Every structure is written in C-alpha cells, then in structure tokens.
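Colleague: One predicted model, sequence on top.
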Amino acid sequence: MVNINVVVLAAGKGTRMHSARPKVLHQLAGKPLLQHVLDTARQLTDRAIQLVIGHGADEVQQTIANQNVNCVVQEQQLGTAHAVHQALPQLEHDAIALILFGDVPLVQVATLRTLLLQADANTMAVLTCVMKNPFGLGRIVRDSGGSIQCIVEEKDATPDQRAIHEINTGIMAIPVKRLQQWLPRIQSNNTQKEYYLTDVVALALADGCRVLTSPSVDEKETAGINDRAQLAELERHYQLIAAARLMRAGVTLRDPARLDIRGSVQCGRDVEIDINVILEGSIELGSNVKIGPNCVLKNCKVGDDTEIAANSMLEDSVIGKHCSVGPFARIRPGTELSDQAKIGNFVEIKKSKIGYHSKVNHLSYVGDSVLGQNVNIGAGTITCNYDGVNKFKTIIGDNVFIGSNTALVAPVTVASGATVGAGSVITKDVAEKQLAIARGRQSNLDGWQRPHKLPKIP
C-alpha cells in the first residue's frame with residue numbers, strides 16, 4: 001500500500017480578511033478552517049501531517065496542539081513551491097505527497113481518494129474543476145489530444161488562456177522522490193516573482209512523468225477563502241448540505257436556510273426543528289423531539305417526546321423523555337432532567353438533577369441542587385448556592401412543595417413531603433411533612449404619608 005504524506009499549506013496572512021487572526025483560524029460551522037482540512041486529512045493517513053505555517057505561527061500551533069501535526073515554519077512567503085520545499089525534508093522518499101490548503105475547508109475525502117488512486121511513483125495527479133467564473137485562478141492548458149500541457153496563473157495567462165474555464169484547485173498528489181528532483185529547479189520568473197508549485201507540471205512532462213487530472217464536480221468543494229464574503233458563502237453552502245442530510249434522515253426543518261449546525265447531530269424519527277436554531281458540539285435528539293424557534297443546544301442529549309420551547313438555551317446537559325423546557329429557559333452545564341420534568345419560562349438550572357415529574361415553572365434559579373420526584377418549585381424561587389467563595393448543595397426530597405418567592409440558603413435539605421410557605425428564607429433543614437415558614441412579621445402603620453416629589457426649579 002502506498003504511503004500518503006499530507007502537506008497542508010497554511011502560512012498566508014490573509015490580507016483581505018482584514019483581521020489580526022490568521023486566516024486559517026477563522027471559523028466555518030464553529031470550527032477553524034484549518035481544522036476542517038486536518039480532520040479530512042486524518043481520514044487518509046495515520047502519519048504525521050506536515051503543516052507549513054508562517055503568519056501567526058504561534059497562534060496556529062496552539063490551536064492544533066496534540067494532533068499529530070508537525071509544524072514547519074515558512075519564514076518568508078515566497079510561493080507555494082517554496083512552502084512545500086520547507087516540508088520536503090520531513091517527507092518519506094517512497095511516499096505520495098498530498099498537497100492541501102488550510103483555507104480550502106470543504107474538500108471531501110472521496111474526492112481526495114479518487115485523486116490519490118491516479119498517483120504512483122511515475123505519475124502525479126492534479127485536482128481540477130470547471131468553473132463558471134474562473135477569474136483569478138490558474139488555468140489548465142491542454143493539447144489537442146486533451147492531455148495537460150501546463151498550468152498558467154491568471155496574471156501570466158494570455159487572453160485565450162484566460163478564456164479557459166477549467167482551473168487548477170492547487171490540490172495535487174505527487175511522488176515525493178519526484179518532488180525532491182523538481183522543487184530545486186523551479187524558478188521565480190513570473191509577474192509575482194514567486195515559486196509556483198504549478199511549475200512541476202511542465203517539469204514532470206519534460207522528465208517523462210505522467211500528469212493526470214481528476215475533476216471535482218462541485219466548485220464549492222475546492223473553493224478557497226480569501227475574504228469575509230467568501231467565508232459567509234461557504235458557511236451557508238455547508239449549512240444547506242448539513243440541513244439536507246438531516247431532512248433525508250427524516251427531520252422536519254421549518255426553514256433549512258435558518259438552521260446552523262456546528263458539530264455532529266444524531267436524530268431519531270419525526271424530529272421537528274423550527275427556525276433560527278443552532279446545534280453545537282455533540283447533539284443527540286430522540287424521536288418526536290420538537291425544538292422551537294431561536295433555541296441554542298450545545299453538547300446535549302434530549303430524550304423522546306420532549307419539547308424545547310422558543311428562545312431556550314441548553315448546554316452540556318441531559319434531558320429525559322416527555323420533558324418540557326422553556327420558553328426562555330437556560331439549562332446550564334451539568335444539568336440532568338429526569339423523565340416528565342418541566343422547566344418553564346425564565347428559569348435557569350445549573351448543575352442540578354431535577355427528578356421525575358418535578359416542575360420549576362416560572363422565574364426561578366436552581367443551582368447545585370438535587371430534586372426528587374413530583375417536586376413543585378414556586379415562581380421566584382432561588383437556591384442560594386454560592387457564598388462568594390464556595391458552592392453548596394440544596395437537597396429537596398420527593399413530593400415537596402416550595403412556595404413562591406422562596407430563598408433556600410444552601411447547604412440545606414428539605415425532606416420528602418415537606419412544604420415551604422411563600423416568601424420564606426430557609427436557612428435550616430426541614431423534616432419530612434413539616435411546614436416551614438420564615439417571614440418577617442407584617443406591620444400596618446396608620447397615618448403614613450407617601451413622599452412627594454418637589455417641584456422642579458426653572
């Protein structure tokens with residue numbers, strides 16, 4: 001089996017992005033452009049990926065740390081051939097070098113495998129694409145028999161060559177032993193005064209090496225990102241593909257153009273997702289799950305027959321079956337809702353377990369707590385779990401009723417069957433079936449005069 005050595009070129013500054021951040025670290029679908037490329041490459045080889053970096057090298061290295069990537073710094077950006085030359089000492093003599101670009105995030109594994117099948121010890125392969133508007137890109141020049149003659153960059157092309165619509169994507173599969181011969185021979189005698197990797201085509205033909213081309217049928221797949229408009233265009237392309245994949249799996253999307261997926265999504269049957277929903281990280285949705293408009297879910301598992309109402313945010317949480325969440329609910333990391341739990345409007349839950357059929361319906365905060373079964377938390381209730389330094393737990397047993405506007409000062413336990421009167425501040429444990437009331441005595445004063453506003457002085 002042929003060894004594959006992947007070289008990813010990611011040294012450019014990305015001037016047209018007008019950003020202090022390296023271009024390859026700008027995000028598409030919640031992930032850096034470069035990470036998309038590395039994830040694709042990792043499916044083709046288990047060998048270390050050679051990453052050529054330059055602008056923002058330290059930031060790039062920090063972002064891709066611990067990924068079996070060897071970084072090679074290109075101190076001066078003198079062209080693509082010069083960039084590959086920097087990685088040449090790290091490549092295996094008998095391998096095929098697959099040249100990828102850190103700002104071309106959507107190239108598919110299947111496309112690259114087809115390209116690699118054409119390359120061998122005496123054959124290099126070039127990935128091409130026919131584009132409606134090839135402006136700015138290198139053209140594939142062929143002879144009368146259809147064989148490739150050379151690749152001509154836009155700035156060096158004649159008017160006839162600029163009329164060609166087949167372009168060079170820049171992605172190539174080249175035998176390393178040939179690269180070792182050709183790269184030192186490339187000259188910078190062009191308008192850019194750069195060392196073009198595309199010049200290896202003419203050198204290959206001169207040396208009797210075959211040059212084959214492999215077409216990509218989707219021009220978005222091989223599109224590079226040079227500015228914010230192109231980034232937005234590829235973002236929407238990616239999202240529409242992801243939305244179509246969900247719909248083919250049986251998910252109902254109210255508007256596929258208003259869904260953003262920034263991770264992986266697994267769905268059961270008959271899932272319904274409304275508009276402006278964002279799904280991040282690892283998402284698992286059971287059957288018959290309904291997600292209302294303007295919701296954000298990040299790293300969540302949602303059980304069958306659960307409904308997430310409008311404008312709710314859930315993160316790093318597990319939601320049981322037949323639950324109801326929202327509208328305007330915030331479920332923070334570490335939360336677990338048991339089956340049939342209900343979290344209502346303007347409720348925040350953090351690092352808590354809400355028991356079977358328990359309810360927190362209105363305007364409440366529950367943090368660092370464990371609630372048993374059939375608990376009812378009244379409106380305006382909070383668990384006072386933080387003293388400014390440490391977090392403390394609140395334990396609430398089964399069948400507890402907490403009246404509205406209650407403050408539970410942790411650490412505190414309210415045992416099963418107990419009731420807490422509305423407006424109480426609970427600082428001591430409540431035993432089973434007790435009624436706890438902690439209110440200041442009410443005073444009604446006769447003859448009290450409400451303050452009056454003084455007239456404004458002109």
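Modeller: That came in fine, so what should we check first? Residues are numbered from 1 along each chain as shown.
Colleague: quick one, what contacts residue 261?
Modeller: By CB atoms under 8 Å, 6 or more residues apart in numbering, the contact list for residue 261 reads 29, 239, 242, 243, 246, 279. C-beta coordinates here come from the backbone N, C-alpha and C atoms, glycine included.
Colleague: if we go to 7 Å?
Modeller: Residues near residue 261 by CB atoms under 7 Å, 6 or more residues apart in numbering: 29, 239, 242, 279.
Colleague: name the element it belongs to?
Modeller: strand 259-267 (DSSP states H and E).
Colleague: Would you mark the buried spots in that strand?
Modeller: Buried residues in strand 259-267, counting neighbours by 16 or more other CB atoms under 10 Å, are found at 259, 260, 261, 262, 263, 265, 267.
Colleague: How about the secondary structure of the closest residue in space to the second one that isn't next to it in sequence?
Modeller: In this case it means residue 260. In space, and not counting its chain neighbours, residue 260 is closest to residue 278: 4.7 Å by CB to CB, 6 or more residues apart in numbering. Counting by DSSP: H, G, I helix; E, B strand; the rest coil, the backbone at residue 278 sits in strand.
Colleague: What residues are bridge-paired with residue 278?
Modeller: Using DSSP bridges, the bridge partners assigned to residue 278 are residue 260, residue 296.
Colleague: Could you do the one 5 residues further on as well?
Modeller: Note on residue 283: beta-bridge partners residue 265, residue 300, judged by DSSP bridges.
Colleague: Break down the protein into its helices, ranges please.
Modeller: Counting by DSSP state H, the chain has helices at residues 33-42, 57-63, 80-87, 109-118, 159-162, 176-182, 200-206, 228-248.
Colleague: Residue 215: which of these is closest?
Modeller: The stretch from the helices of the chain with the least distance to residue 215 (CB to CB) is helix 109-118; that distance is 9.1 Å.
Colleague: Could you pull out the buried residues of that closest one?
Modeller: Neighbour-count burial for helix 109-118 flags 111, 112, 115, 116, 118 (criterion: 16+ other CB under 10 Å).
Colleague: Which strands and helices lie in contact with it?
Modeller: strand 96-101, strand 123-130, strand 166-175, strand 210-216 (3 or more CB pairs under 7 Å, 6 or more residues apart in numbering; DSSP states H and E).
Colleague: returning to what we had before: what about the contacts of residue 261, which one has the most neighbours?
Modeller: If you count neighbours using other CB atoms under 10 Å, the busiest of these is residue 279, which has 26 neighbours.
Colleague: Pretty sure that residue sits against residue 265.
Modeller: Yes: with contacts counted by CB atoms under 7 Å, residue 279 reaches residue 265, the gap being 5.4 Å.
Colleague: sorry, back to before: adding distance to residue 205, write the contacts of residue 261 out as CSV.
Modeller: Converted to CSV, the contacts of residue 261 look like this (distance: CB to CB, whole Å):
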residue, distance to residue 205
29, 39
239, 42
242, 41
279, 49
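Colleague: of these, closest to residue 194?
Modeller: Using CB to CB, those come closest to residue 194 at residue 29, 31.5 Å.
Colleague: Tell me how far the closest one lies from residue 411.
Modeller: 43 Å (CB to CB, to the nearest Å).
Colleague: can you check residue 269 too?
Modeller: Look at residue 269 and residue 411: by CB to CB, they are 44 Å apart.
Colleague: ok, these two, which is more surrounded?
Modeller: residue 411 (15 against 12).
Colleague: In this structure the more buried one contacts residue 390, no?
Modeller: No: taking contacts as CB under 7 Å, residue 411 lies outside contact range of residue 390: 9.8 Å.
Colleague: What's the local residue count around residue 131?
Modeller: Using other CB under 10 Å, residue 131 is surrounded by 16 other residues.
Colleague: for it, what are its contacts?
Modeller: 165, 167, 219 are the contacts of residue 131 under CB under 7 Å, 6+ apart.
Colleague: out of those residues, which are buried?
Modeller: When the contacts of residue 131 are checked against 16+ other CB under 10 Å, the ones flagged as buried are residue 167.
Colleague: could I get the contacts of residue 131 as JSON lines with distance to residue 103 and pLDDT?
Modeller: Below are the contacts of residue 131 laid out as JSON lines (distance: CB to CB, whole Å; pLDDT from 0 to 100):
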{"residue": "165", "distance to residue 103": "22", "pLDDT": "96"}
{"residue": "167", "distance to residue 103": "16", "pLDDT": "95"}
{"residue": "219", "distance to residue 103": "15", "pLDDT": "92"}
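Colleague: one step back: so what's the residue nearest to residue 260 up against?
Modeller: 260, 262, 296.
Colleague: Nearest to residue 331 among the helices and strands packed on helix 109-118 would be which one?
Modeller: So among the helices and strands packed on helix 109-118, strand 96-101 is nearest, using CB to CB, at 39.2 Å.
Colleague: Show me the domain layout of the protein.
Modeller: Structurally, the chain divides into domains by automatic domain parsing as follows: 4-216, 228-436.
Colleague: TSV please, covering those domains and showing distance to residue 444.
Modeller: Supplementary listing: the domains of the chain in TSV, determined by distance: least, CB to CB, whole Å:
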stretch	distance to residue 444
domain 4-216	58
domain 228-436	16
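Colleague: Run a quick neighbour tally on the nearest residue to residue 104 once chain neighbours are set aside.
Modeller: Sequence neighbours aside, residue 224 is the residue nearest to residue 104 in space, at 4.9 Å (criterion: CB to CB, 6+ apart). Neighbourhood size, residue 224 [other CB under 10 Å]: 18.
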